[in-house]
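Novice: coordinates only, no sequence provided:
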């Protein structure tokens, strides 16, 4: 009979990060309503009491998972902006955060919008990404404001869905290849959308 593993002592920020990671896995697997704090505690290898020392409620915990992903995306994007390659920076930021915590990334971009309590929060985070895309597109001449707004939405949808599909089916060793594909495709898409429409 094997002895149970000794509980690892972590400082407060590390414990909080571990709880968020375990919560993302549990919520992504079973959904908000079907996931209990006991489930999260079991996934994290701690007691429910420890979770409540960090988060007041299950809803606060779910919200914190979403915000953590959004904050990581912002930090990764900003840290790469000094390269001057905005498309590459956006792609690498999304892919890095997705690989860092696949369950949390999937929770934000695939599951949260279907949860009545969190759909608005997920939409607000998505809107931040769309606003970034819109700022990047400012120098591009589109035929109308409506097309410009559509293009910003489409860039976010394209990148997020591409990376979600890659998380499901792709080999991490090929991440750089996929990042290159996505980076090269974005300028081509924007060029096509901003080109004059031929009649007939």
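Specialist: All right, it came through fine. What you see is a predicted model; the values in this text were computed from it and never measured.
Novice: what comes up buried for stretch 104-117?
Specialist: Counting neighbours by 16 or more other C-beta atoms under 10 Å, one finds that the buried residues in stretch 104-117 are 104-112, 115. All C-beta atoms are positioned from the backbone trio N, CA, C, and that covers glycine.
Novice: other residues contacting it?
Specialist: Residues lying outside stretch 104-117 but in contact with it, judged by C-beta atoms under 8 Å, 6 or more residues apart in numbering, are 20-21, 24, 27-28, 31-32, 59, 62, 65-66, 68-70, 97-98, 118-119, 121-123, 125-126, 160, 163-164, 167.
Novice: in the longest helix seen in the chain, what's buried?
Specialist: For the chain, the longest helix by residue count, based on DSSP state H, is helix 145-169. Neighbour counts over helix 145-169 (16+ other C-beta under 10 Å) mark 148, 151-153, 155-156, 159-160, 162-164, 166-167 as buried.
Novice: for those, work out which two are farthest apart.
Specialist: 148 and 167 (29.5 Å; C-beta to C-beta).
Novice: picking that back up, export the buried residues of stretch 104-117 as CSV, with columns for distance to residue 186, pLDDT and secondary structure.
Specialist: Formatted as CSV, the buried residues of stretch 104-117 follow (distance: C-beta to C-beta, whole Å; pLDDT from 0 to 100; DSSP: H, G, I helix; E, B strand; the rest coil):
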residue, distance to residue 186, pLDDT, secondary structure
104, 24, 96, helix
105, 19, 97, helix
106, 22, 96, helix
107, 25, 97, helix
108, 21, 96, helix
109, 18, 97, helix
110, 22, 95, helix
111, 26, 96, helix
112, 25, 96, helix
115, 30, 95, coil
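Novice: check which residues of the helix or strand hosting residue 40 are buried.
Specialist: Using DSSP states H and E, residue 40 maps to helix 37-44. By neighbour count with 16+ other C-beta under 10 Å, helix 37-44 contains the buried residues 37, 39-41, 43-44.
Novice: adding pLDDT and distance to residue 183, write those out as JSON lines.
Specialist: Converted to JSON lines, these look like this (pLDDT from 0 to 100; distance: C-beta to C-beta, whole Å):
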{"residue": "37", "pLDDT": "95", "distance to residue 183": "41"}
{"residue": "39", "pLDDT": "95", "distance to residue 183": "38"}
{"residue": "40", "pLDDT": "96", "distance to residue 183": "36"}
{"residue": "41", "pLDDT": "95", "distance to residue 183": "41"}
{"residue": "43", "pLDDT": "93", "distance to residue 183": "35"}
{"residue": "44", "pLDDT": "92", "distance to residue 183": "36"}
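Novice: let me know the closest of these to residue 79.
Specialist: residue 44 (28.2 Å).
Novice: quick one: contacts for that closest one?
Specialist: Contacts were defined as C-beta under 8 Å, 6+ apart; by that measure residue 44 touches 18-19, 21-23, 50-51.
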